[in-house]
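J.: With the sequence up front, the predicted model follows.
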Amino acid sequence: VRANVQLSRHAATLEDLAVSQERNRLARELHDTLAHTLSGLAVNLEALRLMVPPEMTEARQMLDRSLENTRGGLSETRRALKALRSQPLEDLGLHMAIESLARDAASRAGLSLQLALPPEPLELDHDQDQCVYRVAQEALENVVYHAQATRVDVSLKLEDGVLCLTVRDNGLGFDPESAGWAERFGLRGMQERARMVGGQLNLQSSPQAGTTVVLTLKVRDDQSTDL
């Protein structure tokens, strides 16, 4: 019975992820086609209006109405795109949102991915959810754009009331004592997010030895589970 329940939940989460990915794909296509077309049309209408002499009042009025309708259509398109794009935490929950982030980063950078997530969804408060998600997002973006890695490991676990997020790569690494590294890798922003929810963020790195980012924070005792 337990196996059937877990299988059903797994199938449901995979379906949710597929729906979210399809929504994002449609949003990208509409942005690259319809939104760009309307934006270009508005620019052309504005330029054409400047070319029409003031005495041609009827033509200018028609252009004004066309421009107003085009701008309105562009505004509505952007609103619809914003609604269509999935909001990972709201749509998927933290568990699946982290998985989606990790798989997307691995796909973009051609990385081998080792993913370790809890068997059950986590129920954190809103601020903790946001912190964990944004730290994972920032750490993975650093791997994609800076690490020149071939592998990334992402784990999320909850034990004895302590949540631990770990993002580890086998890339170039860097010297944490070097000037400007904190700003370049967004570490201060991640540390500030962690402090705001009572957590800690640690980074370990050295040249040619990869980088490890670890976020830990206390959560409610009733969320603790052995993984």
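T.: Received it, and whenever you're ready, just let me know what you need.
J.: Quick one: residues contacting the residue of the chain most remote from its centre.
T.: Within the chain, the residue lying farthest from the chain centre (C-alpha atoms, centre = their mean) is residue 55, at 52.2 Å. Contact criterion C-beta atoms under 8 Å, 6 or more residues apart in numbering gives no residues in contact with residue 55. For every residue, glycine as well, the C-beta is placed using N, CA and C.
J.: any idea which helix or strand comes after the lowest-mean-pLDDT helix or strand in the chain?
T.: When the helices and strands of the chain are scored by mean pLDDT, DSSP states H and E, helix 181-184 comes last with a mean of 62. Counting by DSSP states H and E, the next helix or strand C-terminal to helix 181-184 is helix 187-196.
J.: For the protein, give me the ranges with low pLDDT.
T.: Within the chain, the set of residues satisfying pLDDT under 70 comprises 5-6, 8-21, 23-24, 82-86, 179-185, 220-227.
J.: For this protein, just list every one of the strands.
T.: 112-116, 151-159, 162-169, 200-205, 211-218 (DSSP state E).
J.: Single out the most deeply packed of the ones you listed.
T.: Ranked by mean neighbour count, the strands of the chain are led by strand 162-169 with a mean of 21 (mean count of other C-beta atoms under 10 Å).
J.: That one pairs with which strands, and in what direction?
T.: Here strand 162-169 is paired, per DSSP bridges, with strand 151-159 (antiparallel), strand 211-218 (antiparallel).
J.: quick one: contacts for residue 164?
T.: 155, 156, 157, 158, 214, 215, 216.
J.: Which two of these have the greatest separation?
T.: Farthest apart among these by C-beta to C-beta are 158 and 214. That separation is 14.1 Å.
J.: Double-check residue 214 against residue 165; I have them as touching.
T.: Yes: using C-beta atoms under 8 Å, residue 214 makes contact with residue 165 at a distance of 7.1 Å.
J.: Is it possible to get JSON lines of the strands paired with strand 162-169 that adds distance to residue 25?
T.: As requested, the strands paired with strand 162-169 are exported to JSON lines (distance: least, C-beta to C-beta, whole Å):
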{"stretch": "strand 151-159", "distance to residue 25": "23"}
{"stretch": "strand 211-218", "distance to residue 25": "29"}
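J.: Residue 200 against residue 194, yeah?
T.: Yes: shown here, residue 200 and residue 194 form a contact pair, counting by C-beta under 8 Å, at 5.8 Å.
J.: Hmm, residue 206 and residue 172 touching each other?
T.: No: counting by C-beta under 8 Å, residue 172 does not reach residue 206; the two are 10.0 Å apart.
J.: who's more crowded, the two?
T.: Per other C-beta atoms under 10 Å, whichever of residue 172 and residue 206 has more neighbours is residue 172, with 15 against 11.
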